[in-house]
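J.: this one's structure only:
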């Protein structure tokens with residue numbers, strides 16, 4: 001597997017030892033990070049919108 005070999009070589013370059021059984025887990029984490037980055041690229045102004053809150057009058061009265 002090319003991806004596992006790439007991960008293993010990259011970790012070895014940083015003097016991090018690898019356990020072969022951990023490589024699939026590391027790949028899953030990296031894929032999750034990649035997918036999260038892709039979501040932010042699709043909607044980059046996600047945090048630019050001003051949030052609004054609707055409060056119930058009873059909540060304010062009894063608070």
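T.: Yep, that arrived. Worth saying up front: this structure is predicted, and the values here are computed from it rather than measured. Numbers count the residues shown, from 1 in each chain.
J.: need the contact list for the residue nearest to residue 26 when sequence neighbours are not counted.
T.: Computed as Cβ to Cβ, 6 or more residues apart in numbering, the closest residue to residue 26 that is not its neighbour in sequence is residue 7, at 5.6 Å. All C-beta spots, glycine's among them, are computed from the backbone N, C-alpha and C. Taking Cβ atoms under 8 Å, 6 or more residues apart in numbering as the definition of contact, the neighbours of residue 7 are 18, 23, 26, 27, 30.
J.: What subset of these is buried?
T.: Applying a neighbour-count criterion of 16 or more other Cβ atoms under 10 Å, the buried members of those are 23, 26.
J.: Is residue 24 in a helix, a strand, or coil?
T.: helix (DSSP: H, G, I helix; E, B strand; the rest coil).
J.: element containing the residue lying closest to it once chain neighbours are set aside?
T.: Computed as Cβ to Cβ, 6+ apart, the closest residue to residue 24 that is not its neighbour in sequence is residue 4, at 7.7 Å. Using DSSP states H and E, residue 4 maps to helix 2-13.
J.: Quick one: residues in contact with stretch 16-29.
T.: 3, 4, 7, 8, 11, 12.
J.: The residue lying closest to the last one once chain neighbours are set aside sits in which helix or strand?
T.: With Cβ to Cβ, 6+ apart as the criterion, residue 12 has its nearest non-adjacent residue at 7.1 Å, and that residue is residue 18. Assigned by DSSP H and E, residue 18 belongs to neither a helix nor a strand.
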